[in-house]
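K.L.:
can you look at this prediction? I've put the sequence above it.
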Amino acid sequence: MALRACGLIIFRRCLIPKMDNAAIEFLLLQASDGIHHWTPPKGHVEPGESDLETALREAQEEAGIEAGQLTIIEGFRRELNYVAREKPKTVIYWLAEVKDYDVEVRLSHEHQAFRWLGLREACQLAQFKEMKAVLQEGHQFLCSTVV
């Protein structure tokens with residue numbers, strides 16, 4: 001059976017788009033272990049927890065961003081299936097916007113750095129093609145939806 005994890009693709013909107021038109025910035029966290037990969041906050045589902053509860057808990061544990069500081073974007077949910085450490089893994093992501101552009105990010109010991117990035121830069125840091133695809137799909141969803 002596949003390991004199951006859930007997370008939030010956390011983003012913020014710049015009030016004044018930057019030179020490269022990056023009005024949407026995604027939060028990526030750099031892992032402290034392994035290959036120090038960059039991903040949105042995510043983690044394994046605990047017994048008795050729903051997938052969305054897991055995603056919200058992980059955002060709080062890994063980035064210090066609480067559920068009340070986020071707005072979950074309706075209509076976007078993506079499931080990734082891949083092999084991690086020689087085991088099948090399923091990760092479910094939702095889009096979540098921070099209510100305060102200047103929200104404080106507080107990393108756990110699991111991560112060593114964070115960055116707010118436009119789509120192009122986020123895709124460059126996200127080493128795995130599945131993660132890049134989800135970021136692109138999320139960006140496209142946000143740009144084509146009145147939220």
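P.N.:
Looks like it arrived, so ask away.
K.L.:
from here on, contacts and neighbour counts on C-alpha atoms
P.N.:
Noted.
K.L.:
list the buried ones in the strand of greatest length in the chain?
P.N.:
In the chain, taking DSSP state E as the definition, the longest strand is strand 70-84. For strand 70-84, a neighbour-count test (16 or more other CA atoms under 10 Å) marks Leu70, Ile72 as buried.
K.L.:
what is the rounded mean pLDDT of that strand?
P.N.:
The average pLDDT within strand 70-84 is 93.
K.L.:
elements contacting that strand?
P.N.:
Helices and strands touching strand 70-84, by 3 or more CA pairs under 8 Å, 6 or more residues apart in numbering; DSSP states H and E, are strand 87-98, helix 129-144.
K.L.:
now do that strand: distance to the chain's middle.
P.N.:
8 Å (CA atoms, centre = their mean, to the nearest Å).
K.L.:
direction included, what does that strand pair against?
P.N.:
If you go by DSSP bridges, strand 70-84 pairs up with strand 87-98 (antiparallel).
K.L.:
could you check the angle the strand it pairs with makes with helix 129-144?
P.N.:
Angle, strand 87-98 to helix 129-144, by axes from the mean of the first three to the mean of the last three CA atoms, to 10 degrees: 30 degrees.
K.L.:
give me the buried positions along the next helix or strand after strand 87-98.
P.N.:
Sequence-wise, the next helix or strand downstream of strand 87-98 (DSSP states H and E) is strand 111-117. Within strand 111-117, the residues that count as buried by 16+ other CA under 10 Å are His111, Ala113, Phe114, Arg115, Trp116, Leu117.
K.L.:
helices or strands next to strand 111-117 in the packing?
P.N.:
Applying 3+ CA pairs under 8 Å, 6+ apart, we find strand 111-117 packed against strand 24-31.
K.L.:
just checking, what packs against the strand it packs on?
P.N.:
Short answer (3+ CA pairs under 8 Å, 6+ apart): strand 24-31 packs on strand 3-13, strand 38-39, strand 111-117, helix 119-125.
K.L.:
among the ones you listed, which comes closest to Ile65?
P.N.:
For the helices and strands packed on strand 24-31, proximity to Ile65 was assessed by CA to CA; strand 3-13 is nearest, at 9.6 Å.
K.L.:
give the pairing partners of that closest one; include direction for each.
P.N.:
Sheet pairing for strand 3-13, using DSSP bridges, gives strand 24-31 (antiparallel), strand 42-44 (antiparallel), strand 87-98 (parallel).
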